[in-house]
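[1] Below are the sequence and a predicted model for it; my questions follow.
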Amino acid sequence: MKRREILYKKVRDEIREILANHDKSDAPLPTEKEICQLFKISRGTVRKAFEELEHDKLIQRIPGKGTFAASPALSADHNFSRKELVIIFIPKAEDLERDPLSTFVFFDMLRGVARGCEIFGYQTHIIEKLPGFSQLSFDAYINEVKKNSAKGVIFLGYSKDDEFTCTHFEKNSIPSVIAMGHFRNIKVNFVAPDTQNGVKNAVNKLIALGHRKIAFISGPLDLLTFQLRLNGYRDALDANGIDFSRDMLIECIDGSAESAKMATKTLLAARKDITAIFSANDMRALGAMQAIKEQGLKIPDDISIIGFDNIKESTLSEPPLTTVDHPRFDLGFKTVELLNKIILKEISTPACQLLETNLIERASCSICKTSPDPIIQK
């Protein structure tokens, strides 16, 4: 019951933020069913959030059209015209459960997709991905495309399987784009944040402050997103002549703050010379901060720390967390924009687009006390 109440509040707050930032938008909100699928929660929990927002006159429901931000213009004219359907395949439940924060990252991306589909005139249909890649799973995807007469498909996710699936879609002349996947060999169409360079820049910041003993708290390294973050970390070390040490890396499979706290305590016990930590995401960083404090150490005086994602909670930590921000809403929107160009044959494929990240500097980093030569960057 407690977990359901927390999720209800998170869903409500996320929708409130959408309305605050896009109160004049005519883009529909995700349906109750779509939010149920994405957050793995009951329809009653979603309906409770929607009912409260409708009671507060922040949203309005239009039969046969969907749920929208309340506005006089919307009430006056409900004649929205749409073209064809786009199918959106979202990560399977197990992947989201392994990294709970990603649920809300995907929600931001989905908002961008919804806005893009509204602008370019597409309806959306959300389906959970099948585990693994096989001829059987590909046939099932093709079946969905044909059954729904879809013009194209979008894959939200990290899975390597998506590359194989989209390659087969390409061979079958079905337009497809992966959102959040970044593939070096560019055999598929994708839009992604420039994660590797984002992490490299963040670790370079720590090095500029004089840190040399920099630990890395990762998520499961079989997921592409964490592989790229590790690559960025190692790129920064290599560029500054710092040897990579395997015992400065800890793979935190569970995405919770509590799990990261325990992993950080183990790390600090094994390496007492650590002066800085880069965490693969903010939730793990927040757990690491708890561990640092419980060890009697101060942030940033004793240990500096940087996270990744720029979630709301990163502004509320003590001290506020320095983090890497990436444009999740824009990523979703630009994925639809790219798919539309492919459908209209305006560009050749495969095509890719990397979006810049931004280091948000707060108060969790400072000059390394033990370094004789910090390089202060303005």
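    Here it is on my side, so go on. Numbering: from 1, shown residues only.

[2] mind listing what's buried in stretch 135-154?
    Across stretch 135-154, burial judged by 16 or more other C-beta atoms under 10 Å covers 137-138, 141, 145, 148, 150-154. To be clear about C-beta, it is placed using only N, CA and C from the backbone, and glycine gets the same treatment.

[3] whoops, stretch 266-286 was the one
    267-268, 274-286.

[4] Between the residues you listed, which sits nearest Glu52?
    For the buried residues of stretch 266-286, the closest approach to Glu52 (C-beta to C-beta) belongs to Met283, at 26.2 Å.

[5] Quick check, Ser317 in contact with Leu286.
    Yes - using C-beta atoms under 8 Å, Ser317 makes contact with Leu286 at a distance of 5.8 Å.

[6] circling back: how about the buried residues of stretch 266-286, which pair is most distant?
    Thr275 and Met283 (22.5 Å).

[7] Any buried residues in stretch 173-181, and which?
    In stretch 173-181, counting by 16+ other C-beta under 10 Å, buried: 174-181.

[8] so what's the closest residue to Arg328 other than its chain neighbours up against?
    With sequence-adjacent residues excluded and distances taken as C-beta to C-beta, 6 or more residues apart in numbering, Arg328 is closest to Asp108, at 3.7 Å. Residues near Asp108 by C-beta atoms under 8 Å, 6 or more residues apart in numbering: 328-329, 332.

[9] Quick check: pLDDT value at Asp108.
    Here, the pLDDT recorded for Asp108 equals 85.

[10] you'd agree it is in a helix?
    Yes - counting by DSSP: H, G, I helix; E, B strand; the rest coil, Asp108 is part of a helix.

[11] do you know how far it is from Glu14?
    Distance of Asp108 to Glu14, given as C-beta to C-beta, to the nearest Å: 8 Å.

[12] before we move on, the earlier item: and which of the buried residues of stretch 135-154 is nearest to Asp247?
    Ser137 (38.8 Å).

[13] quick one: the closest one and Leu130 touch, right?
    Yes - checked against C-beta under 8 Å, the pair Ser137 and Leu130 is within contact range at 4.1 Å.

[14] hmm, back to that, neighbour count, secondary structure and distance to His168 for the contacts of Asp108 - can I get that in JSON lines?
    Listed next are those as JSON lines, based on neighbours: other C-beta atoms under 10 Å; DSSP: H, G, I helix; E, B strand; the rest coil; distance: C-beta to C-beta, whole Å:
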{"residue": "Arg328", "neighbour count": "23", "secondary structure": "helix", "distance to His168": "27"}
{"residue": "Phe329", "neighbour count": "20", "secondary structure": "helix", "distance to His168": "29"}
{"residue": "Gly332", "neighbour count": "28", "secondary structure": "helix", "distance to His168": "23"}
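
[15] As a check, name the ranges of all strands in this protein.
    Per DSSP state E, the chain carries strands over the ranges 59-62, 66-69, 85-90, 123-128, 150-156, 176-179, 190-193, 214-218, 249-251, 276-279, 304-308, 322-325, 352-355, 358-360.
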